[in-house]
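Enquirer: The following block contains a protein sequence and its predicted model.
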Amino acid sequence: MKRLIALAAVGSLALGGVLLLAHPHFNKTITVALPGGGEATIIYNTTPANELRAAKVAVGEFVTPRQPRLKLSTEIKAGTVTIPAGEYIIGVIKNGEKDWTMALYPGQIARGEKPDVSKVIKLDSVYSESEGKAPHMLIDISPGSGKFEGKAVLTLHFGSLFLAGAIS
C-alpha cells in the first residue's frame with residue numbers, strides 16, 4: 001500500500017511538471033518607433049484570459065490584468081488627448097455590458113489598491129467581440145484602419161474582448 005501511495009505521489013508530481021511545461025506564460029516586451037517620433041514600449045505577461053472576472057467588473061471601474069505597462073519616450077497627441085512622456089498601466093474601463101474603453105493609468109498601482117479613476121487617460125477606442133478569442137492576453141501597437149487609419153493603435157485582446165485605442 002505504501003508503495004502504491006509513493007508511486008501515485010511521484011506520478012502526480014511528474015504529471016504536474018509536464019502540465020506546467022505545456023502551458024507557459026511569457027514576459028513580453030515590444031518596442032515601436034511611433035510615426036510622429038519617439039518610441040513606445042509595451043511590457044506585459046501573457047496571462048490567461050479570465051472572462052468570468054471581466055463579466056463581474058462594475059460599470060465605471062478601471063481594471064488591468066497583471067498591470068501591463070506602456071512607456072512613452074515623448075509626449076504624444078491622440079486626437080484631443082495629450083499623453084505626456086512616461087510610464088502607464090494599460091487597462092480598460094467598463095462602460096456597459098458590451099462596451100469598454102481602452103485607458104492608461106499614470107505610474108503604478110499597489111497590489112490591492114483601487115486606482116484613482118480621475119487620473120485615468122481614456123483613449124479614443126473601438127470595442128469588438130468579432131475578432132475571435134485570445135486564450136491569453138495579447139497586447140500590441142499596430143497601424144490603424146477604419147476610423148484609426150494613419151494612426152498608431154494600441155490593441156488589447158483578452159478572451160473575446162478586443163479593444164483598439166488610438167495613441168497617435
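Expert: Right, received. Where do you want to start?

Enquirer: From here on, just use CA atoms for contacts and neighbour counts.
Expert: Fine.

Enquirer: Give me the residues contacting stretch 125-138.
Expert: Applying C-alpha atoms under 8 Å, 6 or more residues apart in numbering, the contact partners of stretch 125-138 are 45-49, 99-102, 155-166.

Enquirer: so how far is the strand or helix carrying residue 28 from its chain's centroid?
Expert: Counting by DSSP states H and E, the element that carries residue 28 is strand 27-33. Distance of strand 27-33 from the chain centroid (C-alpha atoms, centre = their mean, to the nearest Å) equals 13 Å.

Enquirer: by contact count, what packs against that strand?
Expert: With contacts taken as 3 or more C-alpha pairs under 8 Å, 6 or more residues apart in numbering; DSSP states H and E, strand 27-33 sits against strand 39-45.

Enquirer: who's in contact with the strand it packs on?
Expert: Here strand 39-45 makes contact (C-alpha under 8 Å, 6+ apart) with 25-34, 66-74, 137, 139-140.

Enquirer: and the following helix or strand past that strand, which residues are buried?
Expert: Later in the chain than strand 39-45, the nearest helix or strand by DSSP H and E is helix 51-55. Judged by neighbour count (16 or more other C-alpha atoms under 10 Å), helix 51-55 contains these buried residues: residue 54.

Enquirer: With stretch 55-63 instead?
Expert: Quick answer for stretch 55-63 (16+ other C-alpha under 10 Å): 57, 62, 63.

Enquirer: where do the strands sit along this protein?
Expert: 27-33, 39-45, 62-63, 69-72, 76-78, 81-83, 86-96, 99-106, 121-122, 125-128, 134-143, 152-159, 161-166 (DSSP state E).

Enquirer: among those strands, which is nearest residue 113?
Expert: Nearest to residue 113 among the strands of the chain is strand 62-63 (11.3 Å), distances taken as C-alpha to C-alpha.
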